[in-house]
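Trainee: no FASTA, just this:
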C-alpha cells in the first residue's frame, strides 16, 4: 500500500477554499442580473447596454459552472522568488482580488506544462493532483534542481505527471471525448500556445491527441486573444455528426461554450436538407477543383439573351426588345454586377429602359416598369435572361439536364464523368435531399450567385477569426475551398494523419491541403510523435499495417507499455454469430467500458441481426454518438473515435470494399485504449497472417 502524502490534507483544504471563492464569484455574478429587464424601457442604446451586461454575466456564470469537473490540476513552486501558483480550469480570485487559481491558459501556467529537468523554466517543484470532482485522491511531485532528496519527488527530466496521465488514459471511455487540460504534455502544449497567424498543420498518428490539442488550442486562442476573437468567432469543423457528438463537450468543459462546432453542411446558406453519401466515383468528381469552373459556367449559362424579340403592348403602343438588345443587356449586367443575383436589378433597369426607347414617343422607364412589371411575357423574359436563383435551384436544374451539364462542363471532364452527376428532377426543389458531397458545390454556387434581393440575412455567410479543421487529410479541394471562404484572416489550425486518409479524396501529402488554403502568412508544420491512447501491445497489429497504409510514416511512440495482447478469432462458419459471442466476452472483460464493433458496410445489417438474436443491447453510430455500451460502427465512420474495446470484423472485406482499404483497416485497429479483437472468416491480409490464432472458434 502506497504511503499517504503528508500534504494531502492541506491541499484538500486549499481546494475547498478555492471552491468557496468560486461560489462567491458565482453569487456576485448572479446578483448583477437581479432585477434586470434588458428589453424594457429607456433608449435603444440603454437597452443594448443592459442586454450586453446580461449576456456577459450569463457567459460568466456558464464558465463558473464546473459540474463534477476538477477545478485545480496542480501546483508549481518557483525557485527564485519563492512563490507558488495553483493551476486550474479557470481563474479564481479571493475577496482581496488575490489569485487563488491561475487559468491554465495564462502565461504564468506555461511552466506547469512545459518545464523539464533540462529546462525547468524557473521551477523548483511541480505537483500534479489526482482528483475526483472536489476530492483530492493523491499527489504526484516532480522536483527540479538539487531537491532530489524529497521522498515524494523526483528529478526525471522526461516526467510530465506520469501518475495523473496514466490514470486518465486508463480510465474507462464514456462515449464522449474528454478534455486533457490536467495532463497536457510538452509537445502538445507547444502547439496549443503557438502564434495564431497563418495556417498551422498538425500531423499526428492515432492516439497522439491531435483532436483535443486542436480543441484546447481554440480555447487558448479565445482566452489569449479575447479581443478580437470573441467578436470574430471561432469555428471547429468535424468530418461527420457522429464525430461532432463525440467532441461536443470538450470546449464547454473548458469554459468556452461560444465556439461554433459544425460539419460543413451546417455552414450552408440558405439552409437545405443534407443526408447520405455519394458513391466514391461521384464523390471524386464533385470534390475536384475543376467543379468550381463547372459551377461558374452553369451560372453564366443562366445569363442568356432572348431567342426571339419581346413584343408587349403599352396602351395603344407596341414596345419591342430585340434579341440583339437583350444580348447587350446581358453583357451590361455582367460588367456592372459583382455576383449573379445582384445583376438582376441591372438587367431589369436596362430592359425597361430599352422598352421605353422603342416607343414611337419615348416613355419614361419608371412608367414602363410600373405598368409592365406584372406582365407575364415580361416576367418570362426576365426569368429567361437573368433569373434570381438559390444554389439549390441552380444545381437542381443543372443535375436534372444532360444539356446543361454538357454546356457547363465545356470539356473539363469526360462525357461519362460529367454525366455521373445527373439525377432525376424532383417536382419541387424544396423536396430535394442533397448528398454531403453536394455541400461544397452548393456553397460554390452561393459564392457566384450572391445575395438574393431582400434575402441578405438569409443568404449571408459568416466568417471566423480562427478555424480548426479536424481530419483534414480527407477533405477534397472543393471542401477546402469552402472552409477557406469562412476564414476572415487566414488563421487556421488543421489536424489529421496522412496514414488515416480514407475518403474519396484521400490526400497523400500535406502540401496538397496547404495549397488549397489561405496563404496570407507562412504556414507552420508541427508533428505529434507520442501516442497516449493506445498501449504498446494494442498497437502491435496496427504497426504491421502502417507500412502498407502509408509507406515512410513512423508510428507514434507509445507512452503506455504493455497492455492486452490483441486477439484474432477465426470464424469457421457464420461470422455473425461469432461476433455476437465475442461481444458477450468483451462485455465481461471491460466492465462498464464501451465497445465498438467496427465492420464494412456489407456486414452492418447481418451483424445487427445477430446481436439482436443474441439478446445483446447495442446502439448504432448516429448523431447521438456512442450512447450505448456496445455500438455497431461502419468503418467509414469510426475515424477520430476512441473506445475501450474494438472488435474489428472481416479485415479483408474492409480492404476490398473501401477505396483506401488498407488505411481504413489501420484506422479500425487504432481505436481501442485497452483491447483489440479481430474476427474473420475470409483469409486475413498477408501482413496480419503471422498473428493468426491457432485455435479457431
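Mentor: Sure thing, it's come through. Quantities reported herein were computed from a predicted structural model and do not represent experimental measurements.

Trainee: what residues are up against the most centrally placed residue in the chain?
Mentor: Central residue of the chain (Cα atoms, centre = their mean): residue 238, 1.9 Å from the mean position. Contact partners of residue 238, counting by Cβ atoms under 8 Å, 6 or more residues apart in numbering, are 244, 247, 261-263, 470-471, 640. No exception for glycine: its C-beta is placed from N, CA and C like everyone else's.

Trainee: Also residue 347?
Mentor: 329-330, 332-333, 382, 385-386.

Trainee: how near is residue 335 to residue 328?
Mentor: 10 Å (Cβ to Cβ, to the nearest Å).

Trainee: Out of the contacts of residue 347, which sit inside helices?
Mentor: 329-330, 332-333, 382, 385 (DSSP state H).

Trainee: Buried members of the residues you listed into PyMOL, please.
Mentor: The command below creates a PyMOL selection of those among the ones in helices among the contacts of residue 347 that count as buried (16 or more other Cβ atoms under 10 Å):
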select buried, resi 329+330+333+382+385
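
Trainee: which residues touch residue 275?
Mentor: Neighbouring residues of residue 275 by Cβ under 8 Å, 6+ apart: 433-436.

Trainee: first to last residue in stretch 381-399, what's the distance?
Mentor: Length of stretch 381-399, first residue to last, Cα to Cα, to the nearest Å: 23 Å.

Trainee: How far off centre is it?
Mentor: Chain-centre distance of stretch 381-399: 32 Å, with Cα atoms, centre = their mean, to the nearest Å.

Trainee: got it, and stretch 67-84?
Mentor: Taking mean C-alpha positions (Cα atoms, centre = their mean), stretch 67-84 and its chain are 32 Å apart.

Trainee: Sort out which residues of it are buried, please.
Mentor: By neighbour count on 16+ other Cβ under 10 Å, the buried set for stretch 67-84 is 69-79.

Trainee: Could you dump those into CSV with secondary structure added?
Mentor: Below are these laid out as CSV (DSSP: H, G, I helix; E, B strand; the rest coil):
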residue, secondary structure
69, coil
70, coil
71, coil
72, strand
73, strand
74, strand
75, strand
76, strand
77, strand
78, strand
79, coil
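
Trainee: So which of these is the closest to residue 357?
Mentor: residue 69 (73.2 Å; Cβ to Cβ).

Trainee: Please list all residues in contact with that closest one.
Mentor: By Cβ under 8 Å, 6+ apart, residue 69 lies in contact with 89, 133, 253.

Trainee: Dihedrals phi and psi, it?
Mentor: As for residue 69, its main-chain torsions (degrees, to the nearest 10) stand at phi -80, psi 150.

Trainee: Tell me the spacing between it and residue 92.
Mentor: Residue 69 is 14 Å from residue 92, where distance means Cβ to Cβ.

Trainee: Likewise for residue 322?
Mentor: 77 Å.

Trainee: What ranges does the stretch 101-250 of the chain have for its helices?
Mentor: Remark: helices assigned in the stretch 101-250 of the chain by DSSP state H, counting those that start in this stretch are 110-114, 162-170, 186-192, 210-224, 226-232, 241-247, 250-253.

Trainee: what packs against the first one?
Mentor: Contacts of helix 110-114 with other secondary structure elements, assessed using 3 or more Cβ pairs under 8 Å, 6 or more residues apart in numbering; DSSP states H and E, are made with strand 72-78, strand 123-132, helix 186-192.

Trainee: neighbouring contacts of that helix?
Mentor: Against helix 110-114 from outside (Cβ under 8 Å, 6+ apart): 73-74, 76, 87, 104, 120-123, 126, 160, 184-186, 188-190, 193.

Trainee: mind redoing it with 10 Å?
Mentor: 73-76, 78, 85-87, 102, 104, 119-123, 126-128, 144, 160-161, 181-190, 192-193 (Cβ atoms under 10 Å, 6 or more residues apart in numbering).

Trainee: In the stretch 1-150 of the chain, where is pLDDT below threshold?
Mentor: For the stretch 1-150 of the chain, applying pLDDT under 70 flags the ranges 1-2, 33-64, 146-150.

Trainee: now with 90?
Mentor: 1-5, 25-69, 79-82, 116-118, 130, 132-133, 140, 144-150 (pLDDT under 90).
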